[in-house]
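sequence-free structure coming up:
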């Protein structure tokens, strides 16, 4: 088991890409270094191409998930007050990643610029380092200097009335199912999740996994013959 502190483990995994973290979590179940936590295709543990990283220059993020559900206002589904969200953001384990499921009619989802400069300032003040959401946002010029990483569907300049429906409940965003407190790793490739209690195991395995892939790549690039390439390729 890793002898690193929790802070050191988080800092370590932030140095690796999300695909590399995912390799250890579940991508290659036949590899002895893979934890096999999910079915690679059906496990709903990483985001699909409906969302993308808005600020790739900011680099990677890792944190504990605070989950959120937002939709249009309606009499049958009362809205939670903003103070409830602020209190939850303040209390969640840090660093925090907000995973927000936006539930709108199809004709609204792609034009609901939910997050913006003001909300990102609030998130940053409460210790949030990244956001993963299935809808667009706005004010990217205001958001960028705040340093909160975003994975979302795109950008749009405005939005209409919306309601906070639930905080810290299971959500599904862009093909990734997330529960409150899950570990979320995100970068320019997308996001993946794994249980927070597996943090040490991921840290223990990732160096060896990454080293093996680096050795394979070096061997392939150094090979001079077809048979040499076939001998090195591990699959």
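Good, I have the coordinates. Small disclaimer: the values here were computed from a predicted structure and weren't measured.

name the SS class of residue 129, please.
strand (DSSP: H, G, I helix; E, B strand; the rest coil).

from residue 112, how far out is it?
In this view, residue 129 and residue 112 are 23 Å apart by Cβ to Cβ, to the nearest Å. Using the backbone N, CA and C atoms, a C-beta is placed for each residue, glycine as well.

which residues in the protein form strands?
Under the criterion DSSP state E, the chain contains strands at 52-53, 61-71, 96-103, 128-133, 149-152, 163-167, 171-173, 176-178, 183-187, 190-194.

can you put these in TSV and add mean neighbour count?
Output for the strands of the chain, formatted as TSV (neighbours: other Cβ atoms under 10 Å):
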stretch	mean neighbour count
strand 52-53	20
strand 61-71	24
strand 96-103	24
strand 128-133	26
strand 149-152	26
strand 163-167	17
strand 171-173	21
strand 176-178	21
strand 183-187	27
strand 190-194	26
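
need those in JSON lines (columns: mean pLDDT).
Formatted as JSON lines, the strands of the chain follow (pLDDT from 0 to 100):
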{"stretch": "strand 52-53", "mean pLDDT": "97"}
{"stretch": "strand 61-71", "mean pLDDT": "97"}
{"stretch": "strand 96-103", "mean pLDDT": "97"}
{"stretch": "strand 128-133", "mean pLDDT": "98"}
{"stretch": "strand 149-152", "mean pLDDT": "98"}
{"stretch": "strand 163-167", "mean pLDDT": "95"}
{"stretch": "strand 171-173", "mean pLDDT": "98"}
{"stretch": "strand 176-178", "mean pLDDT": "98"}
{"stretch": "strand 183-187", "mean pLDDT": "98"}
{"stretch": "strand 190-194", "mean pLDDT": "98"}
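
noted, bye for now.
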